[in-house]
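Visitor: model the following, please.
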Amino acid sequence: MFRRMLAAAAAALLCWGGTAQAGATLDGVRQRGILACGVNVGIAGFSLPDSQGVWRGMDADLCRAVAAAVLGDANKVRFVPLTAVQRFTALQSGEIDVLIRQTTLTMTRDTNIGLRMVGVNLYDGHGFMVRRDAGVRDLRGMDGMTVCLSPGTTNELVTTDAFRAAGIRFTPVLQERMQDNAQALQAGRCDAIGTDATQLAALRSQFASPNDYVILEQRFSKEPYGPVVRRDDQEWFDVVRWVLFGLIEAEELGVTSQNAEQLRATSQNPQIRRLLGTIPDLGQAIKLQPSWLYDAIRAVGNYGELYERTIGPNTPIGLPRGANDLWTRGGLMYSWPLR
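Guide: Purely as a prediction, here's the structure:
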């Protein structure tokens, strides 16, 4: 009996930890000299290679922020494009160091698959996009429609629950790549796409005739996105969490990519001095250089700069801040105190 218990425990640890060892990620990234960051295979505004092959978007720049904080160079990132089905396995196995790929933070994901949800970098909600000429205004108007979905996502479950609760039916078409779903909608192979509203806006921005499609106003879930790391490495969890919090805190304090250098040299505000490493306590707490957040902010900007540059109102995605604004302006973005 005792041997069987030991075998079961060993198997559980293997499943949870993959090939990674507890506490080894930070050292591994430093020794390798590069951060392996899991991103989407290509969604505008989040992670998409430009014409020069350079990855652009909110998720891509969050990867760069972590690389800058840990390695002092935002360019030391290897982007690993992953589908929804591949993403968790890649992290569990140690193929990537961190997953920053439009991943909804849920209880079961945080507790059952050997991973840890770090914190929220974007608040979203499930929606549907249909052809404008379909004349659909709400979910009930979608009765009997064919809906394109990506398997292995929360969106598949949310869609099923929403239609069942409304007492209507739909036919799912499951495809791993969201780009395939977008092509299917434009070609008429499905009547709608169900996924998070920000992704719908990103997809529509790349359509040949974006005005021919409408995103229904109703939201059917809470979909907070955030970075994900392996459960067995608290040290690395702390690094990724506080890089994210640091970018949010920087916006609240008015520290930007443009003024960070000047403020580091002249500011007498203790909060800003800690943030930018003039007072080195924060870096020491997570085994990073005093300039860790200064390097990250200089590389990608504060959270507001990051949002406005990638998916904000003046981009093709065109998303207002809304819930993703700072708490001081009625939003939900709030950093734990950096002290």
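Visitor: tell me which element the residue lying closest to R274 once chain neighbours are set aside is part of?
Guide: Spatial nearest neighbour of R274, excluding adjacent residues (C-beta to C-beta, 6 or more residues apart in numbering): L282 at 5.5 Å. Quick note: C-beta positions are derived from backbone N, CA and C, even for glycine. Under the criterion of DSSP states H and E, L282 resides in helix 281-285.
Visitor: what's the mean pLDDT across that helix?
Guide: Averaging pLDDT along helix 281-285 yields 93.
Visitor: now that helix: buried residues?
Guide: L282, G283 (16 or more other C-beta atoms under 10 Å).
Visitor: so the residue nearest to R274 is in contact with L338, correct?
Guide: Yes. L282 sits in contact with L338 when judged by C-beta atoms under 8 Å, with a separation of 5.9 Å.
Visitor: anything in contact with each of the two?
Guide: The contact sets of L282 and L338 overlap at W242, R274, L275 (C-beta atoms under 8 Å, 6 or more residues apart in numbering).
Visitor: for the first one, helix, strand, or coil?
Guide: Right, W242. Counting by DSSP: H, G, I helix; E, B strand; the rest coil, the backbone at W242 sits in helix.
Visitor: number of nearby residues for it?
Guide: 24 (other C-beta atoms under 10 Å).
Visitor: equivalent analysis for the last one, please.
Guide: L275 has 27 neighbouring residues, counting by other C-beta under 10 Å.
Visitor: how close does it sit to I248?
Guide: In this view, L275 and I248 are 11 Å apart by C-beta to C-beta, to the nearest Å.
Visitor: for L48, what are phi and psi?
Guide: Dihedral angles phi and psi of L48 (degrees, to the nearest 10) take the values phi -150, psi 130.
Visitor: tell me who's in contact with it.
Guide: For L48, the contacting residues are N40, G42, W55, R56, G57, A60, by C-beta under 8 Å, 6+ apart.
Visitor: check what pLDDT it gets.
Guide: Listed pLDDT for L48 reads 94.
Visitor: distance check, the nearest residue to it once chain neighbours are set aside against M178.
Guide: Sequence neighbours aside, G42 is the residue nearest to L48 in space, at 4.7 Å (criterion: C-beta to C-beta, 6+ apart). The gap separating G42 from M178 is 8 Å, by C-beta to C-beta.
Visitor: show me which of the two is the more surrounded one.
Guide: More crowded of G42 and M178, by other C-beta under 10 Å: M178, with 26 against 17.
Visitor: the more buried one and F46 touch, don't they?
Guide: No. In this structure M178 lies outside contact range of F46 using C-beta under 8 Å: 10.3 Å.
Visitor: list residues touching both of the two?
Guide: N40, Q199.
Visitor: quick check, nearest of the shared contacts of L282 and L338 to P227?
Guide: Ranked by distance to P227 (C-beta to C-beta), the shared contacts of L282 and L338 are led by W242 at 11.4 Å.
Visitor: can you name the residues that contact that closest one?
Guide: Taking C-beta under 8 Å, 6+ apart as the contact definition, W242 lies against L282, I286, L338.
Visitor: got it, and L275?
Guide: L275 makes contacts with G246, E249, A250, L253, V255, L282, L293, Y294, L338, as judged by C-beta under 8 Å, 6+ apart.
Visitor: quick check, nearest of these to V80?
Guide: Among these, and counting by C-beta to C-beta, the member closest to V80 is G246, at 23.9 Å.
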